[in-house]
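> model this:
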Amino acid sequence: MSEHQRIEILNQACQSLWRDIRYPVLERGYEDEAVCREDLAAALGHELALEDWLNGCLAIERKPVSLAGVRNALLHVFDHFKPHLSQESRHSWHQLIVNEPSKARSRIHELVFEHPQTSLVTSYYWREDAWRLVNFRYRETWWQFRLTPAAAGGCEWTVISLADVLTQMPAGSATLDEWLFLQRLAVRFANGDKVLYPELLEHGFHHQKSQQSHF
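This next block holds a predicted model:
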């Protein structure tokens with residue numbers, strides 16, 4: 001694997017991670033979202049700068065959310081669903097978000113369950129686990145990026161092909177549901193509902209030859 005390909009893969013991994021953590025970051029504060037977005041744009045193409053950006057994401061993750069941040073993120077998330085809703089439903093949801101953001105936050109997953117085709121479906125906004133893993137496409141191949149905080153500070157990252165991840169898929173249905181959730185191939189809600197990420201699964205299953213690589 002050339003240095004150029006390594007940087008390209010890290011670029012794509014970080015951009016995909018940003019897509020999936022943007023709204024949880026926004027819940028922590030508008031300034032955090034703006035700084036994180038701008039820092040990523042400046043870091044692309046530079047491995048050390050991207051690793052600094054990843055460290056910054058881990059620091060933001062440890063911050064508490066704010067009510068203003070929750071409301072702001074809700075309004076941005078809701079924009080993705082507006083085209084699918086009636087005018088009456090749009091008005092009801094907007095009023096709920098503005099007046100009762102905590103209640104709206106506890107119910108907003110109903111929209112992604114009803115409209116899973118939205119680009120938001122893979123977001124950490126619907127999850128409570130740590131921001132440590134993202135699946136992404138690079139040169140027609142799906143990969144899994146894993147981020148690990150280092151004991152001495154900083155972080156370490158690895159990338160393997162999604163096809164190789166799928167070879168570890170368990171057979172039992174109960175175990176499989178948990179495994180898919182942990183590998184970020186599905187999202188699971190508190191009421192038991194779940195949404196699979198079929199494009200990722202389908203693409204992984206069609207790889208006939210293992211392409212495992214560690215960086």
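
> Provide the count of other residues in contact range of Ile21.
Ile21: 20 surrounding residues under other Cβ atoms under 10 Å. From N, CA and C alone the C-beta is placed, and that goes for glycine too.

> do the one 10 residues further on as well
Residues near Glu31, counting by other Cβ under 10 Å, number 8.

> What mean pLDDT does the longest strand belonging to the chain get?
Using DSSP state E to define each element, the chain has its longest strand at strand 141-149. Average pLDDT, strand 141-149: 92.

> got the contact list for Leu120?
Residues in contact with Leu120 (Cβ atoms under 8 Å, 6 or more residues apart in numbering) are 23, 77, 80, 112, 126.

> how about 10 Å then?
19-20, 22-23, 76-77, 79-81, 108, 111-112, 126 (Cβ atoms under 10 Å, 6 or more residues apart in numbering).

> tell me the strands in this protein, going along the chain?
133-138, 141-149, 155-161, 186-188, 194-196.

> Pull out the buried members of the contacts of Leu120.
19-20, 22-23, 77, 80-81, 108, 111-112, 126 (16 or more other Cβ atoms under 10 Å).

> Of the residues you listed, which one scores lowest on pLDDT?
Lowest pLDDT among the buried ones among the contacts of Leu120: Val112, 88.

> What's the separation between it and Ala43?
29 Å (Cβ to Cβ, to the nearest Å).

> In TSV: the contacts of Leu120, plus distance to Gln183.
Compiled in TSV, the contacts of Leu120 are given as follows (distance: Cβ to Cβ, whole Å):
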residue	distance to Gln183
Arg19	18
Asp20	14
Arg22	21
Tyr23	21
His76	27
Val77	24
Asp79	29
His80	24
Phe81	26
Ile108	24
Leu111	24
Val112	19
Trp126	15
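
> Among the residues you listed, which lie within helices?
19-20, 22-23, 76-77, 79-81, 111-112 (DSSP state H).

> Quick check: the residue located most distally from the centre of the chain vs Gln95, distance?
Relative to the C-alpha centroid of the chain, counting by Cα atoms, centre = their mean, Glu88 is the outermost residue, at 30.2 Å. Relative to Gln95, Glu88 is positioned 11 Å away (Cβ to Cβ).

> Relative to Trp53, which of the strands of the chain is closest?
strand 155-161 (10.3 Å; Cβ to Cβ).

> Mind listing the strands the closest one pairs with, and their directions?
strand 141-149 (antiparallel) (DSSP bridges).

> ok, and for the partner strand, which residues are buried?
Across strand 141-149, burial judged by 16+ other Cβ under 10 Å covers 141-145, 147.

> again, but for stretch 32-43
32-33, 36, 39-40, 43.

> Turn those into JSON lines, including pLDDT.
As requested, the buried residues of stretch 32-43 are exported to JSON lines (pLDDT from 0 to 100):
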{"residue": "Asp32", "pLDDT": "95"}
{"residue": "Glu33", "pLDDT": "96"}
{"residue": "Cys36", "pLDDT": "97"}
{"residue": "Asp39", "pLDDT": "97"}
{"residue": "Leu40", "pLDDT": "98"}
{"residue": "Ala43", "pLDDT": "97"}
